[in-house]
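Visitor: Generate coordinates for the sequence data below:
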Amino acid sequence: MVTIISYKSFEREDGEKFYALIVQGGLEAVKSKETGQNYFTAKTAQVPCTFDEVTCKSLVGSQIPGTIKKIEVEPYEYTDTQTGEVNTFSQRSVFITEEEEIVNRNVEKEAVV
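Guide: Modelled structure (predicted):
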């Protein structure tokens, strides 16, 4: 289950505005690679939508069946707007519906057999 925690507006090249809902998964315990200590986190993902701003705002707090997974993607650069630091990433977080999760699990089981 994921929760809609916010939304963000974007502008296409042609000037048209659209929105993405920001969804957050459940609490996860993770071990720090640097300190070896455990900490809590929750994955987030942006999901484009066809809703207007009023609808996006009204959906904050709603829960949707599904999970957030990290997937491999073509490497891309991201510039931190506050520091100007440029980082290269090859993964991104995406929302996966319950149905997709079931199919993925079944495909993985068949591959193992």
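Visitor: helix, strand or coil for the residue most central in space within the chain?
Guide: Nearest to the mean C-alpha position of the chain, counting by C-alpha atoms, centre = their mean, stands A45 at 1.5 Å. Following DSSP: H, G, I helix; E, B strand; the rest coil, we place A45 in the strand state.
Visitor: can you pull the contacts of it?
Guide: Neighbour list for A45: I22, V23, I68, R92, S93, V94, F95 [criterion: C-beta atoms under 8 Å, 6 or more residues apart in numbering]. Bear in mind the C-beta positions are built from the backbone N, C-alpha and C, glycine included.
Visitor: top of those residues by neighbour count?
Guide: Of all those, the highest neighbour tally under other C-beta atoms under 10 Å goes to V23, namely 26 neighbours.
Visitor: That residue belongs to a strand, doesn't it?
Guide: Yes. Under three-state DSSP, V23 falls within a strand.
Visitor: Name whatever forms a beta bridge with it.
Guide: I4, A45 (DSSP bridges).
Visitor: and the end-to-end length of stretch 50-61?
Guide: Stretch 50-61 has its terminal residues 18 Å apart, counting by C-alpha to C-alpha, to the nearest Å.
Visitor: if I look at the closest residue to Q37 other than its chain neighbours, how far off is Y39?
Guide: Spatial nearest neighbour of Q37, chain neighbours left out: K31 (7.2 Å); criterion: C-beta to C-beta, 6 or more residues apart in numbering. For K31, the distance to Y39 equals 8 Å [C-beta to C-beta, to the nearest Å].
Visitor: Now E85. Its backbone dihedrals?
Guide: The phi/psi pair for E85 (degrees, to the nearest 10) reads phi -70, psi 130.
Visitor: tell me the contacts of the residue lying closest to it once chain neighbours are set aside?
Guide: In this structure, E85 finds its nearest non-sequential neighbour in T79, 7.2 Å apart by C-beta to C-beta, 6+ apart. Under the criterion of C-beta under 8 Å, 6+ apart, the neighbours of T79 are E85, V86, N87.
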